[in-house]
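**Student:** what follows is a predicted protein model with its sequence.
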Amino acid sequence: MNKAAKIMVVDDDMTSRDLVTNYLKKEGYEVIQAENGKKCLELLKRFTPDLLLLDVMMPEMNGFDVCKVLRQDEKTFHLPIVMLTALSEKMDRVKSIEFGADDFLSKPFDKSELIARVRSLLKIKFQHHQIIQAAKMSAVATLSNGVSHEFNNILAGIDGWAQVALSQKKEEVYLKAMDFIRKSCKKGENLVKGLQDYSTTPYDSNVRPVLTDINKLLTELLDMFRAQFESRHIELKVNYGELPEIYTNKRGIQEVFLNIITNARDALDNKPGKIIIKTFLKDNKIGISFNDTGSGIAPGFIDKVFEPFYTTKGSLGVSKVPGSGLGLYISYGIIKSQGGHIEVKSHLGKGSTFTVYLVRREA
């Protein structure tokens with residue numbers, strides 16, 4: 001894993017830059033250099049490293065400012081950053097963490113300590129990637145199940161109309177059947193497209209914000225659940241508010257909605273119930289609330305629902321459906337990377353409400 005890792009070293013002092021580069025190359029890492037903060041940001045538009053070693057004291061744009069910019073960009077939000085600083089004051093070290101650095105080293109630093117910090121952060125990055133991939137597989141399996149239900153309905157409808165047309169042999173019946181079949185094929189095409197949207201992880205570095213209609217995105221996703229809801233006697237109510245289109249990570253937001261809707265469905269424990277979804281504007285943010293009348297979450301566990309591998313399914317004695325404990329953790333990370341947040345309210349035995357807030361931003 002580590003031998004193939006790519007590391008960017010950013011330092012205005014060429015001697016320090018070359019020294020660190022030499023240390024890293026001897027360990028088998030691939031290294032790219034940047035002589036200042038602005039050059040670093042330019043290179044990151046074309047090159048995505050696995051880790052960034054960033055000097056604090058640089059002219060024009062210091063390390064703190066670079067770190068702040070990187071933490072506001074979804075492409076570099078999860079990029080591990082180690083600040084290299086000659087500053088010794090405690091507040092300066094605290095400032096590094098506050099601006100989003102994962103770790104820091106004081107100059108002059110020991111070679112063995114540098115390599116140890118690099119290895120540790122790369123290991124954490126790799127484990128985080130594994131968690132995301134596990135959640136991705138779970139999400140795709142859930143979505144595929146919904147798509148298969150919908151395709152069965154589509155095929156049954158097509159077969160039924162084809163038999164009617166063949167048996168009656170009337171022109172108006174033929175025309176009606178062909179119209180139904182054409183619309184059904186289009187619906188099937190949309191289902192396949194929706195499934196393909198999950199072929200890349202929402203943290204893929206190539207993902208760029210696209211103009212997204214949140215109401216339309218929700219409608220398309222809910223179409224994949226309707227057959228499941230009907231078979232489980234789940235009443236779905238959707239209240240769409242008037243929303244502007246926003247630039248966002250569409251694939252990531254789809255996965256967030258998928259995870260929350262799936263949780264709402266499972267919270268009903270295969271019993272009749274309701275899922276109520278609303279979209280609205282609040283304080284110039286787009287809100288999407290998901291309410292279910294399911295089992296709810298025990299008060300002492302609400303603060304833990306976004307922790308990795310912590311599940312609200314089966315572990316609290318309120319749901320019989322097992323869960324991986326990854327869906328909400330991934331969802332939280334995706335929304336946070338977009339500058340938004342998720343709120344949760346729940347009453348044990350009465351249900352839960354998850355509300356996603358997305359910021360309106362430029363492309």
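**Tutor:** Cool, got the structure.
**Student:** can we go C-alpha only for contacts and neighbour counts from here?
**Tutor:** OK.
**Student:** okay, now the domains of the chain?
**Tutor:** Domain assignment for the chain by automatic domain parsing gives 2-109, 135-359.
**Student:** indicate which one of those is closest to K123.
**Tutor:** domain 2-109 (7.9 Å; Cα to Cα).
**Student:** what about that closest one, average pLDDT?
**Tutor:** The average pLDDT within domain 2-109 is 85.
**Student:** same check, this time on stretch 224-239
**Tutor:** 86.
**Student:** so where's the stretch 201-350 of the chain shaky on pLDDT?
**Tutor:** 201-208, 308-326 (pLDDT under 70).
**Student:** show me where it has helices.
**Tutor:** Counting by DSSP state H, counting those that start in this stretch, the stretch 201-350 of the chain has these helices, from start to end: 214-223, 226-231, 250-267, 327-337.
**Student:** ok, V356 - contacts?
**Tutor:** Residues counted as contacts of V356 (Cα atoms under 8 Å, 6 or more residues apart in numbering) are 287-289, 335, 340-343.
**Student:** again, only this time at 10 Å
**Tutor:** 253, 256-257, 260, 279, 285-290, 331-332, 335, 340-344 (Cα atoms under 10 Å, 6 or more residues apart in numbering).
**Student:** list buried residues within those.
**Tutor:** Of the members of those, the ones counted as buried by neighbours, 16 or more other Cα atoms under 10 Å, are 253, 256-257, 260, 279, 285-290, 331-332, 335, 340-342, 344.
**Student:** strands of the stretch 251-363 of the chain, residue ranges please.
**Tutor:** Taking DSSP state E, counting those that start in this stretch, the strands of the stretch 251-363 of the chain run over residues 273-282, 285-292, 341-347, 351-359.
**Student:** distance to D18 added to these, as TSV?
**Tutor:** Compiled in TSV, the strands of the stretch 251-363 of the chain are given as follows (distance: least, Cα to Cα, whole Å):
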stretch	distance to D18
strand 273-282	51
strand 285-292	46
strand 341-347	41
strand 351-359	41
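**Student:** which one of the domains of the chain lies closest to L122?
**Tutor:** domain 2-109 (6.9 Å).
**Student:** gap between N239 and I275?
**Tutor:** To I275, N239 is 11 Å away according to Cα to Cα, to the nearest Å.
**Student:** same drill for those two, tell me which one is more crowded.
**Tutor:** I275 (22 against 13; other Cα atoms under 10 Å).
**Student:** name the nearest residue to that one, ignoring sequence neighbours.
**Tutor:** Distances taken as Cα to Cα, 6 or more residues apart in numbering put D292 closest to I275, at 4.5 Å, once the chain neighbours are dropped.
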